[in-house]
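**Q** Could you work out the structure for the sequence below:
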Amino acid sequence: KKLFFVYEEAAPESQVLNREDFQKVLGLLEDFQLSQYKNLPMGLQLFDVFDGNRNGLIDFSEFLIGLSKLVKGTDEEKMDITFNVFDRDKNGFITQDELKEMYINTYRGLMRRLRATLTPPEFVDNPEANKFQDELIKNLQHKFEKIMNGVTKNIMDEMDKSEDGKLNREEFKEFLQAEPFVKASYQLKFTRWM
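**A** Numbers count the residues shown, from 1 in each chain. Sure thing, here's the model as predicted:
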């Protein structure tokens, strides 16, 4: 019942969710630990994963199926969802660029949230404070991107068993299982169902 009310609250009269509406729903799903992904790369990509018929909208059935797999799905189903989140172009493989893009976009999203959360109200409209924060974030992001070039290259070198420059589903699953931190960070795991 709660899922229906959350869905109904965010869905417009048409009773389907577009990308923006879907992010609203994610924000309302605190009980399912999904609100943390609102407007972050994982949450933005979940829209494409839930949109089973690829029409750019999520109906209630697609919403329930997707959420059910996240909450009650097997580890295999959850790893498949995570793979689909990373596979931006939906070609069945994850390239080094897709891997790097997900890490960098996640970092950017977290930095925006951190900035919004930690900026005192008196600094919000302060041009000097904003300039300082912008430059600090830009410098940190530049360093992070350089680091991610090396990290993602190492991941590909280690996990790309077929040496074709991309990870297939099995190679990606091995990567998730071999790296507990990555699995904990990116594998979508939700345990509550109401």
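
**Q** I figured Phe60 was touching Gln15, is that so?
**A** Yes: Phe60 lies in contact with Gln15 (CB atoms under 8 Å); the separation is 6.8 Å. The C-beta positions use only the backbone N, C-alpha and C, and glycine is treated the same way.

**Q** Would you mind telling me which of these two has the busier surroundings?
**A** Neighbour totals were compared for Phe60 and Gln15, and Phe60 leads with 15 against 11 (other CB atoms under 10 Å).

**Q** Can you tell me the closest non-neighbouring residue to the more buried one?
**A** Excluding its sequence neighbours, the residue lying closest to Phe60 (CB to CB, 6 or more residues apart in numbering) is Tyr7, at 5.8 Å.

**Q** Which phi and psi values does Ile94 adopt?
**A** Ile94 has phi and psi values of phi -120, psi 120 when expressed as degrees, to the nearest 10.

**Q** cool, and Leu17?
**A** Dihedral angles of Leu17 (phi, psi; degrees, to the nearest 10) stand at phi -100, psi 130.

**Q** got it, and Lys166?
**A** phi -150, psi 160.

**Q** what's the answer for Gly92, then?
**A** Backbone dihedrals for Gly92, given as degrees, to the nearest 10, come out at phi 90, psi 10.

**Q** and the gap between it and Phe86?
**A** Distance of Gly92 to Phe86, computed by CB to CB, to the nearest Å: 12 Å.

**Q** For these two, work out which one has more neighbours and name it.
**A** Phe86 (21 against 11).

**Q** from what I can see that one touches Glu98, true?
**A** Yes: counting by CB under 8 Å, Phe86 sits close enough to Glu98 to count as a contact (5.8 Å).

**Q** list residues touching both of the two?
**A** Both Phe86 and Glu98 lack any common contact, where contact means CB atoms under 8 Å, 6 or more residues apart in numbering.
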